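1. need a 3D model of the following:
(3 chains)
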Amino acid sequence: MIDPALLEGLNPRQREAVEHRGQALLIVAGAGSGKTSVLTRRIAGLLSTREAWPSQILAITFTNKAAAEMRERIEALVGQAADGMWISTFHSACVRILRRQAESMGLKEAFTIYDSADSKALVKRLIRDLDADSLGFTPGGVLARISRLKNELTDLETFARSIDATDPKELGFLALYRNYQAALRRANALDFDDIIAETVYLFRAFPEVAALYQRRFRHVLVDEYQDTNHAQYALIRELVRPVPRAIADEVESRQGWQRELRDEHGDIPAASLTVVGDSDQSIYAFRGADIRNIVEFERDFPESRTILLEQNYRSTQRILDAANAVIANNFDRREKRLFTDVGEGEPIVGYTGYSGHDEAQFVADEIAALRAAGIEYSEIAIFVRTNAQTRPLEEVFIREGVPYRLVGGTRFYERAEVKDAFAYLTLAVNPDDDLALRRIINAPKRGIGDATVAALQARADRDGTPLREVLREVDSLGFGPKLSAAIRELDALLDDAAGMADSASPRPPHEVLSHLLTHSGYKDALSRSGDPQDEARSENLDELVSQAKEFRVQYPEATVVDYLTSVALFAAADELDGGEGRATIMTLHTAKGLEFDAVFITGVEEDLLPHRMSVNEPGGLAEERRLFYVGITRARKRLFLSLAASRAGFGDIHSSPPSRFLSELPADAVAWREDRGAGRQLGSAVGGYRGGWSGGGARGASRSRGFLESPVIEPRRKTEWKSPVATIRDNGELTLAVGDRIRHADFGEGRVVGVVENGAKTVAEVDFPAKGRKRLLVKVAPIEKL
DNA sequence: CCGTGCAAAAAACTT
DNA sequence: TTTTGCACGG
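-> Residues are numbered from 1 along each chain as shown, chains lettered A, B, ... in the order given. Next comes the predicted model:
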């Protein structure tokens, strides 16, 4: 029997969700319906009744932050009994499994995890190598397609068989995909999508490995199920498969385990699966999330039970009415209407500014008013659709003294110096990672330029070894003494670090990192440079080392590999701590799962929300609407919608009409605020759509009229400079030999004293009596033969 | 090989 | 607007 204390304060539906037992349970949890409470109490119930040991529970959350929070809440309910549960993201859980079973998949335990930027850099090089840009391939496009294939679990060979082999473009893509996978393999690396897909392949190829986890995890719980993609879905399916008797016997005898959990046939029955989700909050289709996973759950698991949670404990009725009205415009959805007994609440406030700055000023002013009304900064959030929108907000907040923090954006871990540092650290544990080595081989400057790297790479290709190995053989490569010494030094440093990271008593990550940054001369180079930006970079590295130290305090056993893993899987939403006393600026995507007393949704304009990139994609508009819905439902008490008539971006000024979603709000839901100061002209211009919209019917022509007629907005004219076009000189097939006399446009007459043949890059050394010896590129130098 | 300066490109959300 | 790539001169 579940402890009644665990059910206290729950409504009947929530209670049922906590108490239900069976093979599969789908909890359709509307926004703010208390699903985290339900999920944590459900797990606490399993533990406190001894239905499950902690080690038999696997809970998957969307972010590491959510995982940590869930663990805390369960601990608060059952204390120590919670130790040993796996509560993590899909990616963290899969990396953990893959590191243990790496050899089965032809990987080494310390494999590197490539983030999107790493992948992009790799693809970029592959495109160049194959001269594939002539076929119109872009790194982003290629990567998106590879990602889609991996999320659909279409492996390379399956894909190769499916393409039209007469289409050069298809063949080109196939070659890129093939080379990309080969490069990852050689570097002992996985990209984000591989992490999931390879785990599925692992389970499918090695049933006895899968059985280890199928036997262990008796209860699998997945949060935010609406945002799972096909690979994640397949992974869950694998985990909740029963283990056939023969395999169970084999695994248990091999491990020396007791025979247990068997049903009447001797099989180990499938684990129980609980998923929680809300198809109205599915906002990751671009990442392969498949809304069908939740829509078709009942068909996938015929014995499943579905429980609907519709009572909202978060927002006022006005906010919910707005949310319901907007989302009702999506077709094909299960009817669901959020309700509350919190009460009517304050009206939603709307504002239209001239510019992003004007909009930001509105936000700042309203924040001041909210503060006066007793709302804490930490209870105020400002949502943006794109990270580019944060700039004016930050500028105005700084000027007005509004304390804020920015979640996501240009992330700390994406800065060049931080990535360099991690490349060094990666090489300490994964010497196969050519990409990491190329990144730091000349950072700081060691005189190892493109030409040298190309020579090293040529040797690596010839021998089929990683680049790292070639460094060891530097003496046989015939480089000059200076260059050879530099390479030897780097080689020794990396060996040092490898020794520190992997010995009988491995050094903690921050020590290895600090050693690398100091002895490589990286830190020195930054502090010696006069560039003020380099000072900031140097500080970032200090910050990084202390973060690594902090990590070690939190996880005293953590190795370099653990640290690198944690960093690679770190997400924007994970850095939400420490927001006390500050308002939060973040994207609508990052806002999922959070709640605030007061919420500002900014940029509610066409081209931004819905984003212009989305309107042509199938389902794109519906997804944008869900995004708006997610934003609205984050608010407890106050909701503000704002937009700007024009916005600066990419060099010029762009103006957009208000978002079509505004016309989907209930009539008179929004109190449009009279604006300050120069607002008169704008006010009249805006009146056109304002009037039309409150009726809800005015679509089409009249909608955008207001802005187009607005007298104030005059896009700045772009000045076009005609720069004097330098003629590209080409001496064609001109050949020079020692002893030839030439005339140079600047240096006058001279005599050739040496020629290094290198095709189009042939260099001649010429002695000019007036200027001394110069080295000239024969093909393009302004010279003529005499 | 390095630093400079100019031209061109980029383009949304994120594990 | 900011970042990246490329040509140039040293």
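2. can you pull the buried residues of the stretch of helix or strand A:Arg128 belongs to?
-> Using DSSP states H and E, the element containing A:Arg128 is helix A:116-129. By neighbour count on 16 or more other C-beta atoms under 10 Å, the buried set for helix A:116-129 is A:Asp118, A:Ser119, A:Ala121, A:Leu122, A:Val123, A:Lys124, A:Leu126, A:Ile127. Heads up, the C-betas are built off the backbone N, CA and C, glycines and all.
3. got those as a markdown table, with distance to DNA strand B columns?
-> Shown next, in a markdown table, are these (distance: C-beta to the nearest atom of the strand, whole Å):
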| residue | distance to DNA strand B |
| --- | --- |
| A:Asp118 | 11 |
| A:Ser119 | 8 |
| A:Ala121 | 12 |
| A:Leu122 | 14 |
| A:Val123 | 12 |
| A:Lys124 | 10 |
| A:Leu126 | 16 |
| A:Ile127 | 11 |
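4. residue contacts, A:Trp103?
-> If you look again at residue A:103, you'll see it is Glu, not Trp. By C-beta atoms under 8 Å, 6 or more residues apart in numbering, A:Glu103 lies in contact with A:Glu109.
5. hang on, it in a strand?
-> No - using DSSP: H, G, I helix; E, B strand; the rest coil, the secondary structure at A:Glu103 is helix, not a strand.
6. now the angle from the strand or helix carrying A:Ile196 to helix A:116-129?
-> A:Ile196 belongs to helix A:192-205 when assigned by DSSP H and E. On the basis of axes from the mean of the first three to the mean of the last three C-alpha atoms, to 10 degrees, helix A:192-205 is oriented at 90 degrees to helix A:116-129.
7. what packs against helix A:192-205?
-> helix A:90-100, strand A:112-114, helix A:139-151, helix A:207-216, helix A:230-239 (3 or more C-beta pairs under 8 Å, 6 or more residues apart in numbering; DSSP states H and E).
8. show me the contact partners of the helix holding A:Arg128.
-> So helix A:116-129 is contacted by A:114, A:132-133, A:137-140, A:142-143, A:146, A:176, A:179-180, A:183-184, A:189, A:191-192, A:414, A:419, A:435 (C-beta under 8 Å, 6+ apart).
9. can we see that at 6 Å?
-> A:Asp133, A:Phe137, A:Pro139, A:Val142, A:Leu143, A:Leu176, A:Asn179, A:Ala183, A:Asp191 (C-beta atoms under 6 Å, 6 or more residues apart in numbering).
10. who in the stretch 451-600 of chain A is up against DNA strand B?
-> Neighbours of DNA strand B within the stretch 451-600 of chain A, by C-beta under 7 Å from any atom of the strand: A:Ala451, A:Thr452, A:Leu569, A:Ala571, A:Ala572, A:Ala573, A:Asp574, A:Thr587, A:His589, A:Thr590.
11. I figured the fourth one hits A:Thr61, correct?
-> Yep, that's A:Ala571 we're talking about. No - A:Ala571 is beyond contact range of A:Thr61, at 11.0 Å (criterion: C-beta atoms under 6 Å).
12. does stretch A:374-389 reach DNA strand B?
-> Yes - judged by C-beta under 7 Å from any atom of the strand, stretch A:374-389 and DNA strand B are in contact via A:Arg385, A:Thr386, A:Asn387, A:Ala388.
13. how many neighbours does the second one have?
-> Neighbours of A:Thr386 under the rule other C-beta atoms under 10 Å: 13.
14. picking that back up, okay, the residues of stretch A:374-389 next to DNA strand B in TSV with secondary structure, distance to A:Glu489 and pLDDT next?
-> Shown next, in TSV, are the residues of stretch A:374-389 next to DNA strand B (DSSP: H, G, I helix; E, B strand; the rest coil; distance: C-beta to C-beta, whole Å; pLDDT from 0 to 100):
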residue	secondary structure	distance to A:Glu489	pLDDT
A:Arg385	coil	48	94
A:Thr386	coil	44	92
A:Asn387	helix	40	89
A:Ala388	helix	42	88
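15. can you pick the most crowded of the residues you listed?
-> Within those, A:Arg385 tops the neighbour count with 24 neighbours, counted by other C-beta under 10 Å.
16. A:Ala571 and A:Thr61: who's more crowded?
-> A:Thr61 (24 against 16).
17. return the backbone torsion pair for the more buried one.
-> phi -120, psi 180 (degrees, to the nearest 10).
18. that one reaches A:Ala67, doesn't it?
-> Yes - counting by C-beta under 6 Å, A:Ala67 is a contact partner of A:Thr61 at 4.5 Å.
19. residues near the closest residue in space to A:Gln281 that isn't next to it in sequence, how many?
-> The shortest distance from A:Gln281 to any non-neighbouring residue, by C-beta to C-beta, 6 or more residues apart in numbering, is to A:Val630 (5.3 Å). A:Val630 is flanked by 25 other residues according to other C-beta under 10 Å.
20. one step back: which of the contacts of helix A:116-129 sit farthest apart?
-> Between any two of the contacts of helix A:116-129, the greatest separation by C-beta to C-beta is 21.3 Å, found for A:Asp133 and A:Asp191.
21. ok so, going back, now the helix holding A:Ile196, how far from the centre of its chain.
-> Offset of helix A:192-205 from its chain centre (C-alpha atoms, centre = their mean, to the nearest Å): 19 Å.
22. CA atoms only: put it into PDB for me.
-> Coordinates of each C-alpha in helix A:192-205 appear next as PDB, following Å, rounded to 0.1, in the frame of the first residue of the first chain:
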ATOM      1  CA  PHE A 192      25.100  13.700 -30.700                       C
ATOM      2  CA  ASP A 193      22.800  11.600 -32.900                       C
ATOM      3  CA  ASP A 194      25.200   8.600 -32.800                       C
ATOM      4  CA  ILE A 195      25.000   8.500 -29.100                       C
ATOM      5  CA  ILE A 196      21.400   7.400 -29.300                       C
ATOM      6  CA  ALA A 197      21.500   5.400 -32.500                       C
ATOM      7  CA  GLU A 198      24.600   3.500 -31.600                       C
ATOM      8  CA  THR A 199      23.000   2.400 -28.300                       C
ATOM      9  CA  VAL A 200      20.000   1.100 -30.200                       C
ATOM     10  CA  TYR A 201      22.300  -0.800 -32.600                       C
ATOM     11  CA  LEU A 202      24.300  -2.100 -29.600                       C
ATOM     12  CA  PHE A 203      21.100  -3.500 -28.100                       C
ATOM     13  CA  ARG A 204      20.000  -5.000 -31.400                       C
ATOM     14  CA  ALA A 205      23.300  -6.600 -32.300                       C
END
